[in-house]
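Asks: Sequence and predicted structure below; questions after.
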Amino acid sequence: MTEKIRPLLAGNWKMNGTRDSLTEIKAIAEAITPAQALKVEALLCPPATLLYVTTALCQDSPLAVGAQDCHQHRSGAHTGDISAEMIADCFGTYVIVGHSERRRDHAETSELVRAKAEAAHAADLTAIICVGETLAERQQGQTIAVLQKQIEASVPQGSTAQNTVIAYEPVWAIGTGMVPQPSEIAEAHSFLRSDLVTRLGRTGKSMRLLYGGSANPSNAAALVGIENVNGLLVGGASLKAVDFIAMYGACLKQPA
Ligand code: PEP
């Protein structure tokens, strides 16, 4: 059932980064060659305030640039929000939707996440749809049931491997230094793969499945070596160019 998939290393800067941080982005953009990017795609999602300047900085680099969230509507009276159209207008090509911090801080439901993913698709963006269980849900043996429910409600019908990436991010692993056992990640990703194939058919076989949660330069190689892990979504360790580039190197070393 495993298909050849180009892995993706995605950095999520969250609410970090000012104009001073552009030196880190420049260093990453300059480190990645077009030949490398054919093997492993690299993406940075800076805060919205840096989106346009980042895409300008990356225009000669294969480093892709995206946003961390979008509104579900194209425009209108939604103070403080940004639309998928606006991200595309800034030359962003990706948007993260349904990150657990948005689900928690803004009470975002899976239905809203699906509407955001649909808005992303309509603007020709690739949506990175995040799913993952809390610690209590894992301890109660509900991980797979939670993932199933989140995928069912968050992933639009008609999603393709080009316009959608799924990120498995156990909530308890984000920013904590705690990482699931490889067998636990393998189990979750194997479930996601088969569930997506059931829902979407052939496209589910080639949709990228990222792991996210306390990934860093020391564990990146092991994480991307797990079956059905097609890359990483990285928070804290994506902020420093040296760490992001080391993780990118670890992804490149994976056998083709
Ligand atoms: C994230 O926020 O998506 C994430 C995985 O964070 P961290 O790598 O810091 O755990």
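Replies: Thanks, I have it. Residues are numbered from 1 along each chain as shown.

Asks: so how far is the ligand from the nearest residue to residue 229 once chain neighbours are set aside?
Replies: Sequence neighbours aside, residue 211 is the residue nearest to residue 229 in space, at 5.0 Å (criterion: CB to CB, 6 or more residues apart in numbering). In this view, the C-beta of every residue, glycine as well, is placed from N, C-alpha and C. Computed with CB to the nearest ligand atom, to the nearest Å, the distance linking residue 211 and the ligand is 9 Å.

Asks: can you check residue 19 too?
Replies: 22 Å.

Asks: just to revisit the earlier point, each with direction, which strands does the host helix or strand of the residue nearest to residue 229 pair with?
Replies: Using DSSP states H and E, residue 211 falls within strand 208-212. When pairing is defined by DSSP bridges, strand 208-212 lines up against strand 164-168 (parallel), strand 231-234 (parallel).

Asks: In terms of pLDDT, where does residue 255 sit?
Replies: Residue 255 is assigned 79 on the pLDDT scale.

Asks: hang on, it in a strand?
Replies: No - counting by DSSP: H, G, I helix; E, B strand; the rest coil, residue 255 is not found in a strand; it is coil.

Asks: burial of residue 30, as a residue count?
Replies: 15 (other CB atoms under 10 Å).

Asks: Now do the contacts for it.
Replies: residue 61 (CB atoms under 8 Å, 6 or more residues apart in numbering).

Asks: So which residues on the stretch 151-256 of the chain come close to the ligand?
Replies: 169, 174-175, 212-215, 233-237 (CB under 6 Å from any ligand atom).

Asks: so can I have TSV of the residues you listed showing pLDDT and neighbour count?
Replies: Shown next, in TSV, are those (pLDDT from 0 to 100; neighbours: other CB atoms under 10 Å):
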residue	pLDDT	neighbour count
169	98	25
174	98	21
175	96	13
212	98	25
213	98	26
214	98	21
215	98	28
233	98	27
234	98	27
235	98	21
236	98	18
237	98	20
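
Asks: ok, which pair from the residues you listed is furthest apart?
Replies: With distance counted by CB to CB, no two of those lie farther apart than 169 and 237, which are 13.9 Å apart.

Asks: where does the stretch 1-150 of the chain have low pLDDT?
Replies: 1-3 (pLDDT under 70).

Asks: Get me the contact residues on it for the ligand.
Replies: Close to the ligand, as judged by CB under 6 Å from any ligand atom, the stretch 1-150 of the chain has residues residue 12.

Asks: Just want the residue of the stretch 1-150 of the chain that's nearest the ligand.
Replies: The nearest approach of the stretch 1-150 of the chain to the ligand comes at residue 12, 4.5 Å away (CB to the nearest ligand atom).

Asks: Does that residue touch residue 236 like I think?
Replies: No - using CB atoms under 8 Å, residue 12 is not in contact with residue 236, being 9.3 Å away.

Asks: What is the end-to-end distance of stretch 37-49?
Replies: One end of stretch 37-49 sits 26 Å from the other (CA to CA, to the nearest Å).

Asks: What lies in contact with it?
Replies: In contact with stretch 37-49 (CB under 8 Å, 6+ apart) are residues 6-18, 21, 25, 28, 32, 54, 58, 62-68, 82, 94-96, 231, 238, 244, 248, 251-252, 256.

Asks: Next one: the residue of the chain found nearest the ligand from residue 45, what distance?
Replies: Per CB to the nearest ligand atom, residue 235 is where the chain lies closest to the ligand, at 2.3 Å. Distance, residue 235 to residue 45, by CB to CB, to the nearest Å: 10 Å.

Asks: any shared contact partners between the two?
Replies: With CB under 8 Å, 6+ apart as the test, residue 235 and residue 45 both reach 11-13.

Asks: Any idea how far apart the tips of stretch 71-79 sit?
Replies: 11 Å.

Asks: quick check: longest helix of this protein.
Replies: Of all the segments of type helix in the chain, defined by DSSP state H, the longest one is helix 182-200.

Asks: which other residues reach the next helix or strand after it?
Replies: Counting by DSSP H and E, the element after helix 182-200 in chain order, helix or strand, is helix 202-206. With CB under 8 Å, 6+ apart as the test, helix 202-206 has contacts from 1, 3, 5, 159-161, 193, 195-198.
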